[in-house]
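In: structure, please.
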Amino acid sequence: MEPPSTRADIDIIIEDPRWRFSIPNTKRAIYRAFQAVTRQKGADFENTPMPTVLLSTDRVVKRLNSRFRNKNKPTNVLTFEPLSPLHGGDIILGYETVHKEAVSAQRSMRAHLSHLVVHGVLHLSGYDHHHPGEAREMEGIETRTMRQLGFGDPWKQGIKRS
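Out: This next block holds a predicted model:
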């Protein structure tokens with residue numbers, strides 16, 4: 001059983017039990033990723049509205065991706081902008097795609113989940129990767145954040161770490 005979240009405003013919904021099986025202390029990993037990326041951005045973590053995180057399945061992600069982005073396929077992470085200034089937006093991940101990517105990149109599910117949460121938080125903070133300059137900036141923040149968390153460069157394949 002996981003301990004309760006450290007922050008009452010972090011809303012983490014684990015819809016698919018495979019997330020808990022694959023990543024012990026799943027909620028803590030998500031909280032640490034939020035904390036690390038907000039520190040990298042220079043934000044005051046305690047005053048940053050936190051997004052809702054939904055750990056779901058590819059079926060759910062595919063349905064949302066089709067409905068809101070006109071892409072009829074699953075993806076690793078979807079982000080949805082905040083509905084109000086008091087809400088941090090939504091980050092939704094599909095288990096099967098995240099698991100397949102982690103195996104392919106030879107990294108742990110904890111490392112890959114952490115990276116995708118960091119990636120989602122950056123999108124919700126206005127970062128994007130459509131142009132080379134934007135991509136370099138965003139990837140640099142992601143790499144520094146992942147190193148702060150004790151993981152390697154998320155943009156290079158590596159050896160699994162827990």
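
In: excluding chain neighbours, what is closest to the residue sitting nearest the centre point of the chain?
Out: The chain has Val117 as the residue nearest its centroid, 1.4 Å off, counting by Cα atoms, centre = their mean. Using Cβ to Cβ, 6 or more residues apart in numbering and skipping the chain neighbours, the partner closest in space to Val117 is Ala33 (4.0 Å). (C-beta placed from N, C-alpha, C; glycine too.)

In: now His129
Out: Ala135 (3.9 Å).

In: measure Thr97 to Thr57 for me?
Out: Separation of Thr97 from Thr57 (Cβ to Cβ, to the nearest Å): 9 Å.

In: before we move on, what about Leu113?
Out: Using Cβ to Cβ, Leu113 is found at 14 Å from Thr57.

In: who has more neighbours out of these two?
Out: Higher neighbour count among Leu113 and Thr57: Leu113, with 26 against 18, using other Cβ atoms under 10 Å.

In: packing partners for the helix or strand harbouring the more buried one?
Out: For Leu113, the host element (DSSP states H and E) is helix 109-124. If you count contacts as 3 or more Cβ pairs under 8 Å, 6 or more residues apart in numbering; DSSP states H and E, helix 109-124 packs onto helix 26-41, strand 77-80, strand 90-94, helix 95-105, helix 132-148.

In: now the longest one against helix 26-41, angle please.
Out: Compare the direction of helix 132-148 with that of helix 26-41 by axes from the mean of the first three to the mean of the last three Cα atoms, to 10 degrees and you get 120 degrees.

In: on contacts alone, who are the packing partners of helix 132-148?
Out: Where contact means 3+ Cβ pairs under 8 Å, 6+ apart, helix 132-148 is packed against helix 26-41, helix 109-124.

In: distance between the next helix or strand after the first one and the chain's centre?
Out: In this case it means helix 26-41. Using DSSP H and E, the helix or strand that follows helix 26-41 in sequence is strand 52-56. Mean-position distance between strand 52-56 and its chain equals 9 Å (Cα atoms, centre = their mean, to the nearest Å).

In: same question, stretch 118-129
Out: Counting by Cα atoms, centre = their mean, stretch 118-129 is centred 10 Å from the centre of its parent chain.
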